[in-house]
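Asks: Predicted structure and sequence below. I'll ask about it afterward.
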Amino acid sequence: MAFLGVEQFPDYKVPGAQHQDFSPYESNGGSIVAIAGDDYVVIAADTRLSSGYSIHTRKQNKLFQLSQKTVLGSTGCWCDTLALTALVRARMQMYEHTHLKTMSTDAIAQMLSIIMYNKRFFPYYVSNVLAGLDNEGKGVVYSYDPIGHCERTTYRAGGSAGALLQPVLDNQIGFKNMVLEGGEIPKVSKERAIAIATDTFISAAERDIYTGDAVMINIITKDGTEVKEVPLRKD
């Protein structure tokens with residue numbers, strides 16, 4: 001069979017013929033959790049970078065500090081993560097030189113959505129969660145799919161263990177399917193948000209081989225960003 005003068009292998013097996021599959025994407029694992037409060041936001045990601053059953057490094061930070069009030073957590077194909085975050089930082093620098101001010105968290109969220117949508121026909125194979133403080137000083141969390149669809153929320157999990165982490169957040173933060181006194185969802189303190197983020201990663205490390213080693217936690221407030229590291233299981 002020939003198409004445009006190029007010989008094509010048939011769908012059935014032919015003795016002696018070899019067909020090599022190629023994929024430009026590679027999943028390097030990793031998970032993200034973000035929880036927003038009235039005057040803070042907590043975002044955490046594990047430090048394991050792996051491929052299949054091979055661990056490339058146990059100390060890879062997947063949280064990218066974009067500004068004093070904004071942190072991006074990105075997992076998936078690591079080369080796409082590096083390309084995307086480099087482009088975001090370049091666009092932010094251009095904005096700062098043009099307007100003489102730093103981009104707000106909401107503006108960064110919109111820009112990231114547009115950048116990813118521009119690559120929708122050959123998308124970045126990444127799971128992004130953007131966390132920061134908005135113009136009023138309140139914590140916000142933005143989650144994305146690979147082609148840039150954006151959702152603003154108060155808590156979100158993503159990455160290889162996202163399906164395991166999200167139900168825990170729904171229960172502990174969102175109080176889903178729970179009968180509450182007065183019918184109001186209680187507010188979550190910063191200390192409790194840190195504890196919940198840590199516990200979710202401890203749970204995920206027991207069930208997801210792509211999540212482990214340690215978890216980096218960034219606590220963003222009006223005073224700046226505090227960084228914590230909590231060890232996880234290494235097998």
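Replies: Happy to help now that I have it.
Asks: which residues of the chain score low on pLDDT?
Replies: Within the chain, the ranges that satisfy pLDDT under 70 run 1-14.
Asks: In it, where's the longest helix?
Replies: Ranked by residue count and defined by DSSP state H, the top helix of the chain is helix 78-99.
Asks: Which residue comes closest to residue 157 once chain neighbours are left out?
Replies: Nearest-residue entry for residue 157: residue 165, 3.5 Å, with adjacent residues in sequence omitted and distances by C-beta to C-beta, 6 or more residues apart in numbering. Any C-beta I mention is one placed from the backbone N, CA and C, and that applies to glycine too.
Asks: my read: the one you found touches residue 200, true?
Replies: Yes - the criterion here is C-beta atoms under 8 Å, and residue 165 meets it with residue 200 at 4.8 Å.
Asks: what is in contact with the two at once?
Replies: Listed as contacting both residue 165 and residue 200 by C-beta atoms under 8 Å, 6 or more residues apart in numbering are 33, 157.
Asks: All the helices of this structure, residue numbers only.
Replies: Using DSSP H, the helices of the chain run over 78-99, 105-118, 162-172, 190-205.
Asks: Just put these in JSON lines and tack on mean neighbour count and distance to residue 148.
Replies: Below are those laid out as JSON lines (neighbours: other C-beta atoms under 10 Å; distance: least, C-beta to C-beta, whole Å):
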{"stretch": "helix 78-99", "mean neighbour count": "15", "distance to residue 148": "11"}
{"stretch": "helix 105-118", "mean neighbour count": "18", "distance to residue 148": "3"}
{"stretch": "helix 162-172", "mean neighbour count": "17", "distance to residue 148": "17"}
{"stretch": "helix 190-205", "mean neighbour count": "20", "distance to residue 148": "25"}
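Asks: what's the closest of the ones you listed to residue 141?
Replies: helix 105-118 (9.6 Å; C-beta to C-beta).
Asks: which residues are in contact with that closest one?
Replies: For helix 105-118, contacts defined as C-beta under 8 Å, 6+ apart pick out 66-67, 69-70, 72, 84, 87-88, 91-92, 95, 103, 123-124, 128, 130, 132-135, 140, 142, 144, 146-150, 152.
Asks: go again using 7 Å as the cut-off
Replies: Residues outside helix 105-118 that contact it (C-beta atoms under 7 Å, 6 or more residues apart in numbering) are 66, 69-70, 87-88, 91-92, 123-124, 128, 130, 132-135, 140, 142, 144, 146-148, 150.
Asks: now stretch 50-65
Replies: Stretch 50-65 is contacted by residues 26, 28-30, 43, 45, 47-49, 71-75, 85, 210, 213, 216, 218, 225, 234 when judged by C-beta under 7 Å, 6+ apart.
Asks: Ok, stretch 193-200 next?
Replies: Counting by C-beta under 7 Å, 6+ apart, residues outside stretch 193-200 touching it are 33, 35, 37, 42, 44, 165, 168-169, 172-173, 215, 217, 219, 230.
Asks: picking that back up, take the helices of the chain and lay them out in CSV including distance to residue 18.
Replies: What follows is those, written out as CSV (distance: least, C-beta to C-beta, whole Å):
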stretch, distance to residue 18
helix 78-99, 27
helix 105-118, 36
helix 162-172, 37
helix 190-205, 40
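Asks: Can I get the longest helix of the chain in CSV, CA atoms only?
Replies: The C-alpha trace of helix 78-99 is given here as CSV (Å, rounded to 0.1, in the frame of the first residue of the first chain):
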residue,chain,number,x,y,z
TRP,A,78,8.4,17.0,33.1
CYS,A,79,9.9,18.5,29.9
ASP,A,80,6.4,20.0,29.1
THR,A,81,6.3,21.4,32.7
LEU,A,82,9.7,23.1,32.2
ALA,A,83,8.7,24.5,28.8
LEU,A,84,5.4,25.8,30.1
THR,A,85,6.7,27.4,33.3
ALA,A,86,9.6,29.1,31.4
LEU,A,87,7.1,30.6,29.0
VAL,A,88,4.8,31.8,31.8
ARG,A,89,7.8,33.5,33.5
ALA,A,90,8.9,35.1,30.3
ARG,A,91,5.4,36.5,29.7
MET,A,92,5.2,37.8,33.3
GLN,A,93,8.6,39.5,32.9
MET,A,94,7.3,41.2,29.6
TYR,A,95,4.2,42.3,31.5
GLU,A,96,6.2,43.8,34.3
HIS,A,97,8.5,45.7,31.9
THR,A,98,5.5,47.0,30.0
HIS,A,99,3.2,48.0,32.8
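Asks: Thank you kindly, that will do.
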